[in-house]
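**Q** Sequence and predicted structure below; questions after.
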Amino acid sequence: MTTKAWPCPCGGETYATCCGELHDGVRQATTAEELMRSRYSAYVRRNANYVFRSWHPRTRPTNVDDDSPVFTRLEILDVVDGGEDDTEGIVEFRAHFMDDGMTGELHERSRFTRKAGRWVYLDALPLE
């Protein structure tokens, strides 16, 4: 079985028909949530290039490395706007991970915006 037939890390059916198309540039994310899920999958698959490309140039670091923890599960907690007709959106999520044998979670409320017609990650909002 090729990696494209594996379940998508974000929870989609298969990687090929879900985040794989976004990572390969076959199509662009149509919603902020879809971009967020694809970025999570890129971290899982250690695709730092996609993470970098999907980050707003004004807020992204100069370099994105691929030595993040091993992400194991994604939970979407809230989505505000970010639809096909929106220009901004927020996605709150928990990304569970393992790091040096310890479990943990990244809880973030991410802001997304459209730049040149495509969704990009802008930054994280403070959690209340």
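**A** Okay, I see it. Since this is a predicted model, take the numbers as computed values, not measurements. Numbers count the residues shown, from 1 in each chain.
**Q** Could I get the full set of helices for this protein?
**A** When secondary structure is read from DSSP state H, the chain shows helices at 19-23, 32-44, 48-53.
**Q** For the last one, report the contacting residues that lie outside it.
**A** Put plainly, it is helix 48-53. Judged by C-beta atoms under 8 Å, 6 or more residues apart in numbering, the contacts made with helix 48-53 from elsewhere in the structure are 22, 23, 38, 39, 42, 43, 60, 63, 64, 65, 66. Backbone N, C-alpha and C define where each C-beta goes, glycine included.
**Q** before we move on, back to that, nearest to residue 84, of the helices of the chain?
**A** Among the helices of the chain, the nearest to residue 84 by C-beta to C-beta is helix 32-44 (9.7 Å).
**Q** Could you measure from the most centrally placed residue in the chain over to residue 119?
**A** In the chain, the C-alpha nearest the mean C-alpha coordinate belongs to residue 39, at 2.1 Å (C-alpha atoms, centre = their mean). Taking C-beta to C-beta, to the nearest Å as the measure, residue 39 and residue 119 are separated by 10 Å.
**Q** about what we covered before: would you point out the most distant pair within the contacts of helix 48-53?
**A** 22 and 63 (21.5 Å).
**Q** Now do the contacts for residue 94.
**A** For residue 94, the contacting residues are 74, 75, 77, 105, 106, 107, by C-beta under 8 Å, 6+ apart.
**Q** for residue 69, same thing?
**A** Residue 69 sits in contact with 97, 98, 99, 104, where contact means C-beta under 8 Å, 6+ apart.
**Q** if we go to 10 Å?
**A** When contacts are counted by C-beta atoms under 10 Å, 6 or more residues apart in numbering, residue 69 is found next to 43, 95, 96, 97, 98, 99, 100, 102, 103, 104, 106.
**Q** so how far is residue 84 from it?
**A** Residue 69 sits 32 Å away from residue 84, taking C-beta to C-beta as the criterion.
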